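Chemist: When you get a sec, could you give me coordinates for this:
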Amino acid sequence: MAKLLDSTQIAVIGAGTMGADIAALFAAHGHAVHVVARAGSSYDSLPQRVAASAAQIGKGGAEIRLHMATGLEALPWQHIGLVIESLKEDLPLKQKLFADLERIAPADTVLSSNSSGYPISAIGEGLSTQSRMLGLHFFMPAHLVPCVEVVLSEYTDPVIARGVYDLMASLGSESVWVKRDIPGFLANRLQHALMREAWSLIDRGIASPEDVDRVVRYGFGFRYVAAGPVLQKEISGLDVNCAASAIVYPDLCNDSGPPPVLTDRVARGEIGMKTGKGFWTWTPQQATAEKARYAEDLKATLKILDKRRKAGKRLWQEVKAISPASGRRRRYGTSAPGTAGYASRDCG
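Modeler: The predicted structure is shown next:
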């Protein structure tokens, strides 16, 4: 872990949207970032995209130490403390990369994956240094959304995981522990549970895409800036939620795959702004304007969260420090699972 904490140099594998924004986040906070990607338009446009993302988080005047390479061998491995893989969701591709990284990267370099679905144990299957491997899942756009999932496999060294957690905290990230690397981890399982029902409602003609978006943004989703779903139900009453769940759960969509309203569009190449058409039609100008509006709204929301985060953390720690059942103090905190300071739910 010493190398990770002492190093200011990070390697990002992949120069797509996520790779560029992850690079921008680290570079904007003073880290030298080495991006490895194939030659092409994404590679050529990377410096401009990283600079633009850094500017969006108020770091436009910061010195951006960005280095680019087309192969792993070109990196100064003796100085790199953390590798973040951000390739497309292709398991054999990721597995090959990690096999190469295990061979090339020094033993004290931490290897992480930004996969949104594949467990790190599947990516590193059969490799001999899985103790230094973990999931590090960012959310698009990675430089604006503060949450990062730190995903542990059964092999991950908790001390190494703690070092990565602390590194992300130094960037202002709000990290969460995922103690088992199940597919989708934490956030995507919750998100896809919502999307499965949303697609089903649209597919069955019960609601339009516009009304699905409106009910989330101005209905229950509006509250999530102020409180997560569990705390919100603490406020409204677990009894109310329990009664409603008994009525609604039996009728929820339980399909094992996406419905035609989604698969048919993908088959036709109608995948959204990237192709100019999805559920709506987008001109390049409309797409650019909407992305700018989206980024500005995220920045405004982040200001609210930043303002409340410190005070909220203090209050929440006080609320949960006493067990309602027994009055005994509970052990809470942010230590890595498996370490002496890990905060279990057991009363202390």
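Chemist: Residue 33 sits in which helix or strand?
Modeler: Here residue 33 sits within strand 32-36, counting by DSSP states H and E.
Chemist: partners of that strand in the sheet?
Modeler: Its sheet considered, strand 32-36 pairs with strand 9-13 (parallel), strand 66-69 (parallel) by DSSP bridges.
Chemist: Where does pLDDT dip in the protein?
Modeler: Residues of the chain meeting the criterion pLDDT under 70: 1-7, 310-348.
Chemist: is it true that residue 172 touches residue 146?
Modeler: Yes - taking contacts as Cβ atoms under 8 Å, residue 172 lies within contact range of residue 146: 6.7 Å. Heads up, the C-betas are built off the backbone N, CA and C, glycines and all.
Chemist: which stretches of this structure form strands?
Modeler: For the chain, the strands defined by DSSP state E cover 9-13, 32-36, 66-69, 80-85, 110-113, 133-137, 147-151, 174-178.
Chemist: Let me know which of those strands is tucked in deepest.
Modeler: Highest mean neighbour count among the strands of the chain (mean count of other Cβ atoms under 10 Å): strand 133-137, with a mean of 27.
Chemist: can I get the CA coordinates of it in PDB?
Modeler: Only the C-alpha atoms of strand 133-137 are listed here, as PDB (Å, rounded to 0.1, in the frame of the first residue of the first chain):
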ATOM      1  CA  MET A 133      -7.100  -6.600  -7.700                       C
ATOM      2  CA  LEU A 134     -10.400  -4.900  -6.900                       C
ATOM      3  CA  GLY A 135     -13.300  -3.200  -8.700                       C
ATOM      4  CA  LEU A 136     -13.300   0.500  -8.800                       C
ATOM      5  CA  HIS A 137     -16.600   1.500 -10.400                       C
END
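Chemist: okay, the angle between it and strand 174-178?
Modeler: 130 degrees (axes from the mean of the first three to the mean of the last three Cα atoms, to 10 degrees).
Chemist: Can you list the strands that strand 133-137 pairs with?
Modeler: Paired with strand 133-137 in the same sheet, following DSSP bridges, are strand 110-113 (parallel), strand 147-151 (antiparallel).
Chemist: who touches the longest one?
Modeler: Same thing as strand 147-151. By Cβ atoms under 8 Å, 6 or more residues apart in numbering, the residues outside strand 147-151 that reach it are 119-120, 134-139, 161, 164-165, 168, 173-178, 181, 185-187.
Chemist: at 6 Å instead, please
Modeler: Strand 147-151 is contacted from outside by 135, 137-139, 161, 165, 168, 173-178, 181, 185-186, using Cβ atoms under 6 Å, 6 or more residues apart in numbering.
Chemist: Against residue 37, how distant is the closest residue to residue 59 other than its chain neighbours?
Modeler: Closest residue in space to residue 59, ignoring its immediate chain neighbours: residue 28 at 3.6 Å, by Cβ to Cβ, 6 or more residues apart in numbering. According to Cβ to Cβ, to the nearest Å, residue 28 and residue 37 sit 19 Å apart.
Chemist: Among the two, which residue is more densely surrounded?
Modeler: Ranked by neighbour count (other Cβ atoms under 10 Å), residue 28 and residue 37 place residue 28 first, with 24 against 21.
Chemist: which residues touch that one?
Modeler: Neighbour list for residue 28: 54, 57, 59, 62 [criterion: Cβ under 6 Å, 6+ apart].
Chemist: Number of residues surrounding the first one?
Modeler: Applying other Cβ under 10 Å, we find 24 other residues in the vicinity of residue 54.
Chemist: What are the contacting residues of stretch 73-92?
Modeler: 3-4, 7, 9-14, 18-19, 22, 34, 93, 97, 105-106, 109-114, 118, 136.
Chemist: Please identify the longest helix in this protein, counting by residues.
Modeler: helix 284-320 (DSSP state H).
Chemist: roughly how far apart are the residue nearest the centre of the chain and residue 98?
Modeler: The residue lying closest to the centre of the chain (Cα atoms, centre = their mean) is residue 138, at 2.5 Å. According to Cβ to Cβ, residue 138 and residue 98 sit 18 Å apart.
Chemist: again with residue 252
Modeler: Residue 252 is 37 Å from residue 98, by Cβ to Cβ.
Chemist: Compare the two (neighbour count), which wins?
Modeler: Per other Cβ under 10 Å, whichever of residue 252 and residue 98 has more neighbours is residue 98, with 25 against 11.
Chemist: so what's the more buried one up against?
Modeler: Residues near residue 98 by Cβ under 6 Å, 6+ apart: 123, 124.
Chemist: can you do 7 Å?
Modeler: By Cβ atoms under 7 Å, 6 or more residues apart in numbering, the contact list for residue 98 reads 111, 123, 124, 127.
Chemist: Return the member of those nearest to residue 271.
Modeler: Set against residue 271, the nearest of those by Cβ to Cβ is residue 123 (25.2 Å).
Chemist: Many thanks, I have nothing further to ask.
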